[in-house]
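# Make a model of this:
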Amino acid sequence: MTSTPFGYGGGLGGAAQRNQYLADSVLSAPPARLLTMLYDRLLLDLGRAETAQQTGNWPVASENLLHGQAIIAELISSLKTDAWDGADGLLGLYNYAFTALVNANIQRDAALTREAIELLEPLRQAWHEAAASIPVAPATQPAPAAAPASAFAAAGAWNAQTGAGSGSLGFG
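Numbers count the residues shown, from 1 in each chain. Now for the predicted structure:
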């Protein structure tokens, strides 16, 4: 019997271990990493939805569009609109993308999904660049609990409190 990294075998135990690993990685991620993870999953969902729409696979398209809407709802709920001048513009963009995804699902319109992708992809790239510019604390000296975990939290632009949003989004 061969083993796989992290004990991820093909059986149910392997799936449970993988799910636990994913849950732990999400729970322990700093706020900047959580934000980039949300954007990565959002764009993955929208790409899958667009492909499914183009092939007429409406159940898969709908599932991915609904998950994308849930991610945008999480982004909206964690955005502190009173913390910085650009927050209202970002909130407007999120609301527009959310509405586009609702309509893309109802109208089975891949063009609306594409529009949301083109709107959100530059933001995903910008957040990744911003997160990459944040210095990482050495592993031997964890950051004090009272210190902001990231530039996003320090700027007050994103709610750094774990679980402050609307719920679980399933990164798996």
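# lowest-pLDDT helix or strand in the protein?
Every helix and strand in the chain was compared by mean pLDDT, DSSP states H and E; the lowest is helix 151-155, with a mean of 39.
# where does the protein have low pLDDT?
1-12, 18-28, 137-172 (pLDDT under 70).
# Would you map the helices across it?
12-28, 31-55, 58-78, 87-106, 110-132, 151-155 (DSSP state H).
# What is the burial count for Gln54?
12 (other CB atoms under 10 Å). In this view, the C-beta of every residue, glycine as well, is placed from N, C-alpha and C.
# Over to Glu129?
10.
# What of Gly14?
Other residues within reach of Gly14, judged by other CB under 10 Å, total 15.
# who's in contact with Arg114?
Contacts for Arg114 were tallied using CB atoms under 8 Å, 6 or more residues apart in numbering; they are Glu50.
# Look up how far Gln54 lies from it.
10 Å (CB to CB, to the nearest Å).
# Please apply the same query to Gln125.
Gln125 is 24 Å from Gln54, by CB to CB.
# Check Ala32 too.
33 Å.
# Over to Trp127?
Taking CB to CB, one finds Trp127 at 27 Å from Gln54.
# likewise Gln69?
Counting by CB to CB, the separation of Gln69 from Gln54 is 19 Å.
# just Val136 next, same as before
Distance from Val136 to Gln54, by CB to CB: 40 Å.
# And for Ile106?
17 Å.
# Please apply the same query to Ser133.
Distance from Ser133 to Gln54, by CB to CB: 36 Å.
# what does Gly89 give?
For Gly89 relative to Gln54 (CB to CB), the value is 31 Å.
# Same question for Ala73.
When distance is defined by CB to CB, Ala73 is 25 Å away from Gln54.
# Repeat that for Leu123.
As judged by CB to CB, Leu123 and Gln54 stand 24 Å apart.
# Please list all residues in contact with the closest residue to Ile71 other than its chain neighbours.
Closest residue in space to Ile71, ignoring its immediate chain neighbours: Leu42 at 4.4 Å, by CB to CB, 6 or more residues apart in numbering. Counting by CB under 8 Å, 6+ apart, Leu42 touches Gly68, Ile71, Ile72, Leu75, Leu120, Arg124.
# Just among these, which is most surrounded?
Gly68 (29 neighbours).
# right, and that residue touches Asp45 too?
Yes - Gly68 lies in contact with Asp45 (CB atoms under 8 Å); the separation is 4.3 Å.
# tell me the contacts of the closest residue to Phe98 other than its chain neighbours?
Distances taken as CB to CB, 6+ apart place Ile72 nearest to Phe98, at 4.6 Å, with adjacent residues excluded. Ile72 makes contacts with Leu42, Tyr94, Ala97, Phe98, Leu101, as judged by CB under 8 Å, 6+ apart.
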